[in-house]
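Colleague: Here's my sequence, what's the structure:
(one chain, ligands or ions: 2)
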Amino acid sequence: MESATGPVITGLDIGSSKVATVIARKTPEGVEILGMGICPTEGMRKGSVVNVDATVKSIRQSVSEAEKMTGLPVSSALVGVSGPLIKSFNSHAAVSVRNEREVTDTDVARVLDLAKAVELPADREILHVLTQEFIVDDMPGIKDPRGMTGIRLDARVHVVTDDLPSTRNLVRCVEKAEINIVDIVLSPLASAEAVLTPEEREVGVALLDFGGGTVDMAIFYDGALRHTFVLPLGGGNITADVAVGLRIPAADAESLKIASGCAAIQKVRRDELVELPGVGGRQPRPIRRQYLSEIIEPRAEEIFTLLRKEILRSGFEEMLGAGIVLTGGGSRLDGLPDLGERVFHLPVRRGGPIGIGGVVEVVNSPTFATAVGLALYGAKLAESGMGRAEEEAPGGWMARVKQILSEFF
Ligand SMILES: Nc1ncnc2c1ncn2[C@@H]1O[C@H](COP(=O)(O)OP(=O)(O)OP(=O)(O)O)[C@@H](O)[C@H]1O
Ligand SMILES: [Mg+2]
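Modeller: Ligands and ions are numbered 1, 2, ... in the order given. The predicted structure follows:
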């Protein structure tokens, strides 16, 4: 069977609350999940490393769990990055077609090089250049212009930049855990790979990856990435509010939120009671579940309101025919889609990884969206014979065009 011989790809999602590892095999259809590992971490805050040793330890633990499950050693992985230090913008460039009025690889490389030739501060680097569309003379919406006839070639791209010191810290942690980095990928882009359908990307959708420290947003329209944004608030803020509001330790607040929390007060019956853990030897006591919801809802509403502002700012609110898709561990909170529909005035669905084979049940949770997405992204990269290492190898631009086109398709 061909699927039994495909290359093994590992996705490593180093999040603010956990490190998730997904080992998959590339198949002609996509990927087949072989196994996973998950380990909580204290080493990261809002996408940045705050404790190297703790992060390295969690990576090792998570990877070794996945290795045990699959019986396969992990030597390399695709790694996700996120956090408020990621900045993205749209860019545009035009060139005249050189050769016999037929667009060639060279023209595509030239226009994309120009589109990404933007002045960046010394501590930033380009992480992705994602092609939105090419325009040949006056014809917009072209995905691959090679071979077309025209005198002018335009490119519209979405450029994602990251903070060098922050990424270097993450890279160092992965290297210390003895894993080679195949590629670094913007986390919500990986999550989108795992949870969105091609139709949703076509008609317009905002993916919200609700994590512990951040909510990452990626807006797709007409099949291409249009806007990305990282909000430095997440499930951890909800837990902190519960801890303060009920005067209980953070760990108890976390379990209470997961077991009984609800982001939509109107969904909770008046007579529902939940057990509040006793602190310092005191007896546990019942509280109204509505009371817990009164703490959670305002924070969740604040988070969604800030994201809605960003959607309005992006100018894409009218183009979200497929509404909002919620993923990430934080999306599992009861009532979140209800609250979302009220705040965004759009249809909201929860999404976990789809379009995968193998032991799908072990990653069948929004918590694994990024790690599964990284494996899917890796499979696409392998398909085009590319990785970041090759991109930077001499021989240069052709490899880059391939990468850019592969990111687009
Ligand atoms: N069943 C659940 N109900 C409610 N919240 C949950 C549930 N499971 C996980 N969470 C919350 O999800 C958050 C963690 O989500 P996730 O694992 O996606 O974060 P992360 O990827 O580690 O963080 P980030 O993406 O911000 O770096 C935590 O705040 C946790 O409380
Ligand atoms: Mg995450």
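Colleague: Only C-alpha atoms from now on, for both contacts and neighbour counts.
Modeller: Noted.
Colleague: Quick one: residues contacting the closest residue to ligand 2 within the stretch 51-200 of the chain.
Modeller: Of all residues in the stretch 51-200 of the chain, S187 sits closest to ligand 2, at 7.0 Å by CA to the ion. Each residue near S187 by CA atoms under 8 Å, 6 or more residues apart in numbering is listed here: D13, G80, V81, S82, D216, T370, L374.
Colleague: remind me which residues of the protein are low pLDDT?
Modeller: Counting by pLDDT under 70, the chain contains low-confidence ranges at 1-4, 385-409.
Colleague: what does it put close to ligand 1?
Modeller: Residues of the chain that fall close to ligand 1, judged by CA under 6 Å from any ligand atom: 15-18, 46-47, 210-214, 235-236, 254, 258, 328-330, 332-333, 367.
Colleague: For PyMOL, what selects the buried ones among those residues?
Modeller: This is the PyMOL syntax for the buried subset of the residues of the chain next to ligand 1, where burial follows 16 or more other CA atoms under 10 Å:
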select buried, resi 15+16+17+18+46+47+210+211+212+213+214+235+236+254+328+329+330+332+333+367
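Colleague: out of the residues of the chain next to ligand 1, who's near ligand 2?
Modeller: Among those, proximity to ligand 2 is found for G15, G211 (CA under 5 Å from the ion).
Colleague: From G83, how far off is the closest residue to ligand 2 within the stretch 101-250 of the chain?
Modeller: Nearest residue of the stretch 101-250 of the chain to ligand 2 (CA to the ion) works out as G211 at 4.6 Å. Applying CA to CA, to the nearest Å, the value for G211 to G83 is 11 Å.
Colleague: quick revisit: got the phi/psi numbers for the residue of the stretch 51-200 of the chain closest to ligand 2?
Modeller: phi -50, psi -50 (degrees, to the nearest 10).
Colleague: likewise A264?
Modeller: phi -130, psi 100.
Colleague: what about R45, neighbour count?
Modeller: 18 (other CA atoms under 10 Å).
Colleague: Adjust the sequence numbering to begin at 56 for everything that follows.
Modeller: All right, first residue 56 from here; so that's R100.
Colleague: now the nearest residue to it once chain neighbours are set aside, what's its secondary structure?
Modeller: Spatially, and ignoring its direct neighbours in sequence, R100 is nearest to S71 (5.2 Å; CA to CA, 6 or more residues apart in numbering). Here S71 is coil, with the state taken from DSSP: H, G, I helix; E, B strand; the rest coil.
Colleague: residues in contact with S71?
Modeller: Taking CA under 8 Å, 6+ apart, we find S71 in contact with T96, E97, G98, M99, R100, K101, G102, S103, G266, G267, G268, T269.
Colleague: And M374, by the same measure?
Modeller: Residues near M374 by CA under 8 Å, 6+ apart: V258, G259, V260, Y276.
Colleague: Walking through the stretch 306-455 of the chain, point out its helices one by one.
Modeller: 344-369, 391-399, 424-438, 443-447, 452-463 (DSSP state H, counting those that start in this stretch).
Colleague: Including mean neighbour count and distance to H147, could the ones you listed go into JSON lines?
Modeller: JSON lines is the format used below for the helices of the stretch 306-455 of the chain (neighbours: other CA atoms under 10 Å; distance: least, CA to CA, whole Å):
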{"stretch": "helix 344-369", "mean neighbour count": "19", "distance to H147": "16"}
{"stretch": "helix 391-399", "mean neighbour count": "19", "distance to H147": "30"}
{"stretch": "helix 424-438", "mean neighbour count": "27", "distance to H147": "25"}
{"stretch": "helix 443-447", "mean neighbour count": "14", "distance to H147": "22"}
{"stretch": "helix 452-463", "mean neighbour count": "19", "distance to H147": "15"}
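Colleague: now for those, which one comes closest to L219?
Modeller: helix 443-447 (15.7 Å; CA to CA).
Colleague: what's near enough to touch the residue of the stretch 56-205 of the chain found nearest ligand 2?
Modeller: Nearest residue of the stretch 56-205 of the chain to ligand 2 (CA to the ion) works out as G70 at 4.7 Å. Neighbouring residues of G70 by CA under 8 Å, 6+ apart: T96, M99, G102, G266, G267.
Colleague: R179: what's its closest spatial neighbour, skipping adjacent residues?
Modeller: In space, R179 is closest to D218, 4.8 Å off (CA to CA, 6+ apart).
Colleague: give me phi/psi at the closest residue to I350 other than its chain neighbours?
Modeller: Spatial nearest neighbour of I350, excluding adjacent residues (CA to CA, 6+ apart): V297 at 6.3 Å. Main-chain dihedrals, V297, degrees, to the nearest 10: phi -60, psi -40.
Colleague: so how far is G370 from V297?
Modeller: 34 Å.
Colleague: These two - which one has more neighbours?
Modeller: Each of V297 and G370 has its neighbours counted (other CA under 10 Å); V297 has more, 26 against 10.
Colleague: That one contacts A308, correct?
Modeller: Yes - between V297 and A308 there is a contact at 5.7 Å, judged by CA atoms under 8 Å.
Colleague: Show me what from the stretch 256-405 of the chain comes close to ligand 2.
Modeller: G266.
Colleague: quick one: which of the contacts of M374 is most hemmed in?
Modeller: Neighbour counts for those (other CA under 10 Å) peak at V260, which has 28 neighbours.
Colleague: does D168 count as helix, strand or coil?
Modeller: Taking three-state DSSP as the rule, one finds D168 in the helix state.
Colleague: Count the neighbours of it for me.
Modeller: If you count neighbours by other CA under 10 Å, D168 ends up with 17.
Colleague: P339 now?
Modeller: Neighbour count of P339, defined by other CA under 10 Å: 11.
Colleague: nearest to E120, of the contacts of S71?
Modeller: Minimum separation from E120 among the contacts of S71 (CA to CA) is found for T96, which lies at 14.5 Å.
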